[in-house]
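1. Would you be able to build a 3D model of this:
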Amino acid sequence: MNPDSQPAMMGNAPAFAAILRASRLVAVTGATVLIQGESGVGKELLARSIHDSSPRCKGAFVPVNCAALSESLVESELFGHAKGAFTGATHERAGRIAAAHGGTLFLDEIGDMPLSIQAKMLRFLENGECQPLGQEQPRKVDVRVVAATNRDLASLVAAQRFRQDLFYRLQVVPLVLPPLRERHQDVIVLTQAFLSRFASQHGVAAPAFSRSAQELLRHYAWPGNVRELRNLCERAVIFHAGQTLDDTFVQGQLFPHAILPVQSEERLCPDAGGIHAAMVLPHGGLSLDTLERDTIRAALVRTQGNRTHAAKLLDVSRDTLLYRMKKHALR
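-> Presented below is the predicted three-dimensional model:
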């Protein structure tokens, strides 16, 4: 696997580098792989890299988003069907598994696969047989399976929403991609790679981030992970080609609700019984929860993650800050 082929697969953070090394080792085998990680960390890119570095690289890479398949159609989509197998089945359909013969089947969001189909998926993984709806005899297929999820499958098993035997059959080689907030040393490398890629793609000069802007990028929590950074970089290239962008730009991109415009002129406020400078709400309104979350993030970025200093900046106790961080799932 060539990590330079995709910017999202670049990085030297120890946990990330370890996953890349493990993926190179497993790529040359036919073992089933389970990629785990938050949304936006690059699970499908890692799956494609494994396929591209495997002996199956000339075969098809067939992605399936299990969360997007309706329960009534998922069996037909995966395993195919014979003509007349059900109302509307006017012709034979091979199915996604058969389409991946000789290649790799990527089962994304495997945690959302309906329980009704999990037993049949387990049988396929055990014996390599694919039985389309309406056919008496199964077909033998040669498919390597790579699955991915952003959910805790062990918890789903405990809640009886995911089959335990399927969980262990998928987890032959587990690979856990770390979130971007645990790869702060990789943020600037990724940023520069994305800027260069999008500048070339759009035929413009790449913008650059000032040192203060880079510090904000490096210490931001990145709830959307690499996908969020990628989108920010593409916006920067499209709207600010060739410019040097400072921390004001980054603040506005990452915390759009944290700093609100303030009316320049004084207004009479009847409720207050006098004159004061009024805050102007956005035309579309705002969410107080979002405002609070973004304000806390901005304070943590400003203090480089120091919670005591962030609490002072927000004029609250440290315990109050920790409570509100927990409320908004911030780290």
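2. What strand or helix carries the closest residue to Thr320 other than its chain neighbours?
-> With sequence-adjacent residues excluded and distances taken as CB to CB, 6 or more residues apart in numbering, Thr320 is closest to Ala311, at 7.1 Å. For every residue, glycine as well, the C-beta is placed using N, CA and C. For Ala311, the host element (DSSP states H and E) is helix 307-314.
3. OK, contacts around the most centrally placed residue in the chain?
-> Among the residues of the chain, the smallest C-alpha distance to the mean C-alpha position (CA atoms, centre = their mean) belongs to Gly40, namely 1.5 Å. Gly40 makes contacts with 180, 224-228, as judged by CB atoms under 8 Å, 6 or more residues apart in numbering.
4. Break the chain down into its structural domains.
-> The record, using automatic domain parsing to delimit domains, assigns the chain the ranges 3-178, 181-254, 262-327.
5. would JSON lines of these with mean pLDDT be doable?
-> Conversion of those to JSON lines gives the following (pLDDT from 0 to 100):
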{"stretch": "domain 3-178", "mean pLDDT": "90"}
{"stretch": "domain 181-254", "mean pLDDT": "94"}
{"stretch": "domain 262-327", "mean pLDDT": "70"}
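6. which stretches of the stretch 1-150 of the chain form helices?
-> If you assign secondary structure with DSSP state H, counting those that start in this stretch, the helices in the stretch 1-150 of the chain sit at 14-27, 43-52, 74-79, 96-99, 115-127.
7. Of these, which is nearest His240?
-> Taking CB to CB as the criterion, His240 comes closest to helix 43-52 out of these, the separation being 26.0 Å.
8. can you map out the strands along this structure?
-> With DSSP state E applied, the chain shows strands at 33-36, 61-65, 104-108, 129-130, 139-140, 144-149, 173-176, 208-209, 244-245, 262-269, 274-279, listed in chain order.
9. counting contacts, what elements does the first one pack onto?
-> Other helices and strands packing on strand 33-36, by 3 or more CB pairs under 8 Å, 6 or more residues apart in numbering; DSSP states H and E, are helix 43-52, strand 144-149, strand 173-176.
10. change it to 10 Å
-> Secondary-structure packing of strand 33-36 (3 or more CB pairs under 10 Å, 6 or more residues apart in numbering; DSSP states H and E): helix 14-27, helix 43-52, strand 104-108, strand 144-149, helix 164-170, strand 173-176.
11. hang on, the earlier thing: ok, the residue nearest to Thr320 - contacts?
-> Neighbour list for Ala311: 296, 299, 303, 317-322, 324-325 [criterion: CB atoms under 10 Å, 6 or more residues apart in numbering].
12. hang on, the earlier thing: possible to save the helices of the stretch 1-150 of the chain as TSV with distance to Phe167 and mean neighbour count?
-> Output for these, formatted as TSV (distance: least, CB to CB, whole Å; neighbours: other CB atoms under 10 Å):
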stretch	distance to Phe167	mean neighbour count
helix 14-27	18	16
helix 43-52	17	21
helix 74-79	18	22
helix 96-99	19	20
helix 115-127	9	15
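13. Would you tell me which of those gets closest to Gln214?
-> Ranked by CB to CB, the member of the helices of the stretch 1-150 of the chain that lies closest to Gln214 is helix 14-27, at 19.2 Å.
14. Can I get the closest one in CSV? Just the C-alpha atoms.
-> Once non-C-alpha atoms are left out, helix 14-27 reads as follows in CSV (Å, rounded to 0.1, in the frame of the first residue of the first chain):
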residue,chain,number,x,y,z
PRO,A,14,2.3,6.2,16.4
ALA,A,15,-1.2,4.6,16.6
PHE,A,16,-1.9,5.5,13.0
ALA,A,17,1.5,4.3,11.7
ALA,A,18,0.9,1.0,13.5
ILE,A,19,-2.4,0.5,11.8
LEU,A,20,-0.8,1.2,8.4
ARG,A,21,1.9,-1.4,9.1
ALA,A,22,-0.7,-3.9,10.2
SER,A,23,-2.8,-3.3,7.1
ARG,A,24,0.2,-3.9,4.8
LEU,A,25,0.8,-7.2,6.5
VAL,A,26,-2.8,-8.4,6.3
ALA,A,27,-3.3,-7.1,2.7
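15. Great, nothing more from me.
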